[in-house]
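Chemist: Kindly generate the corresponding structure for this input.
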Amino acid sequence: MAAKREHEIDGATLGVITERMSERLIPQIRKQSIFMFQLEKLKSTETNGEPATRTCDHASQPSSHPDTSLVIPPVLRMAIDSRDLDLKSASKTKLRSLLIQTLFNHLSKTTMLPTRFQYVELLSTLNLDYPFLRESIGSGYLAWDLRDIANVDVDQQILNKVAVMAPRIIRVSRSPLKNKLMCMIDDCAEDKLKTGLLTEAAILLLPALFKEKPELLFEVEGQAQTSTDMSTPKMMLKGCREGHPMKYDHIMLSMDDQVITEESVDISMALGLLLCIYFVFRIQYPKGLKKTLTFLECVVLKLKDAGKLPVTVKRVYNSIYD
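Modeler: Here you go, the predicted model:
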């Protein structure tokens, strides 16, 4: 409130605040992100026919808001309508570059430094308006964006690599969670389903292998939650029967108490989307999960040279393959 009084901010001024202005009002990044998210929601409400009260002095003045509608160039719209596969190509194409440039131009109307909420909102809207652009994994836009950046099929890479390593990860794990997970796996008679359960168990046991905090990777609904000062995305395992992390009903990904997606069908898919969130939004790895995420980045996704792994991570890597 003090900042509002100091800068003489009224209802009309609030409507034209940019992200750059918010940096002066709110120094802390986390609170600034929340403020900008709520402000965007407020602006959206006004656009949908519920305008906030304005003074008579400003009512007759032309709007100072920039045009925020997403303008799709005709050539791009034709490609989308014809479901041109170049838009979803794993390699760079003229159409993909044009689409990315279009999204950049749209965001730059209001800010050159879009928040993750603006970014998610734009790509989510794009996928709703043009379902063809949606990926087959999770929320679509996260995996789509990372594939464009690093040319990595995240979901497939995790399924292939972690499935191979899973028995070894479980074998060397000393996590107290191990016996609980193995009881469920041992009770499974179907081989294909058992392979999937082994992969999920390996993912859940991975942080303990590096003596890190599993609660920074996932949380089981109903169990005590861990608070952190950092923006830390994590898997939320919902509806877990008997508190068992692999007996979930569905999985959410959240960050800063904001739900990002609820569309992960299993833990391996959720992990893929979680890594996408870290990479796309350039989020710093939390100290209590840094080795685990570095291992996944270098060894599983091969985004960096595994030969340059930190000594502590390399030691665990060697123990898996011994």
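Chemist: which stretches of the stretch 151-300 of the chain form strands?
Modeler: In the stretch 151-300 of the chain, the segments counted as strands under DSSP state E, counting those that start in this stretch are 218-220, 234-238, 250-255, 258-264.
Chemist: Okay, and the beta partners of the nearest residue to Val265 once chain neighbours are set aside?
Modeler: Once flanking residues are discounted, Val265 sits nearest to Ile251: 7.9 Å by C-beta to C-beta, 6 or more residues apart in numbering. C-beta here means a position set from N, CA and C on the backbone, and glycine is covered the same way. Taking DSSP bridges, one finds Leu237, Ser264 as the beta-bridge partners of Ile251.
Chemist: What pLDDT does the model give Ile251?
Modeler: In this model, Ile251 is scored at 92, pLDDT.
Chemist: could I get the strands of the stretch 151-300 of the chain as CSV with distance to Val164 and mean neighbour count?
Modeler: Shown next, in CSV, are those (distance: least, C-beta to C-beta, whole Å; neighbours: other C-beta atoms under 10 Å):
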stretch, distance to Val164, mean neighbour count
strand 218-220, 22, 21
strand 234-238, 22, 21
strand 250-255, 23, 20
strand 258-264, 21, 17
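Chemist: show me what contacts the residue nearest to Val265?
Modeler: Met235, Met236, Leu237, Lys238, Glu262, Ser264, Val265, Asp266, Ile267, Ala270 (C-beta atoms under 8 Å, 6 or more residues apart in numbering).
Chemist: Mind putting the strands of the stretch 151-300 of the chain into JSON lines with distance to Ser319?
Modeler: Putting those into JSON lines (distance: least, C-beta to C-beta, whole Å) gives the following:
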{"stretch": "strand 218-220", "distance to Ser319": "23"}
{"stretch": "strand 234-238", "distance to Ser319": "25"}
{"stretch": "strand 250-255", "distance to Ser319": "29"}
{"stretch": "strand 258-264", "distance to Ser319": "29"}
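Chemist: quick one: which of those is nearest Leu76?
Modeler: strand 258-264 (25.4 Å; C-beta to C-beta).
Chemist: ok, then the element right after the worst-scoring helix or strand of the chain on mean pLDDT?
Modeler: Every helix and strand of the chain was ranked by mean pLDDT, DSSP states H and E. The lowest is helix 56-59, at a mean of 38. Once helix 56-59 ends, the next helix or strand along the chain (criterion: DSSP states H and E) is helix 74-81.
Chemist: Buried ones in that following helix, by neighbour count?
Modeler: Neighbour counts using 16 or more other C-beta atoms under 10 Å place Leu76, Ala79, Ile80 of helix 74-81 among the buried residues.
Chemist: which residues in the stretch 101-250 of the chain form helices?
Modeler: Remark: helices assigned in the stretch 101-250 of the chain by DSSP state H, counting those that start in this stretch are 116-129, 141-150, 154-172, 178-186, 191-209.
Chemist: so which of those helices gets nearest Lys247?
Modeler: helix 178-186 (7.4 Å).
Chemist: what packs against the closest one?
Modeler: In this structure, helix 178-186 makes packing contacts with helix 154-172, helix 191-209, judged by 3 or more C-beta pairs under 8 Å, 6 or more residues apart in numbering; DSSP states H and E.
Chemist: hang on, Met255 packs against Tyr278?
Modeler: No - taking contacts as C-beta atoms under 8 Å, Met255 lies outside contact range of Tyr278: 9.9 Å.
Chemist: Residues in contact with both of these two, list them for me.
Modeler: Shared between the contact lists of Met255 and Tyr278 (criterion: C-beta under 8 Å, 6+ apart) are residues Pro233.
Chemist: Output the helices of the stretch 101-250 of the chain as CSV; include the columns mean pLDDT.
Modeler: Supplementary listing: the helices of the stretch 101-250 of the chain in CSV, determined by pLDDT from 0 to 100:
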stretch, mean pLDDT
helix 116-129, 68
helix 141-150, 52
helix 154-172, 89
helix 178-186, 93
helix 191-209, 93
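Chemist: Distance to Gln101 and mean neighbour count added to those, as CSV?
Modeler: Putting the helices of the stretch 101-250 of the chain into CSV (distance: least, C-beta to C-beta, whole Å; neighbours: other C-beta under 10 Å) gives the following:
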stretch, distance to Gln101, mean neighbour count
helix 116-129, 14, 17
helix 141-150, 12, 20
helix 154-172, 24, 17
helix 178-186, 46, 15
helix 191-209, 36, 20
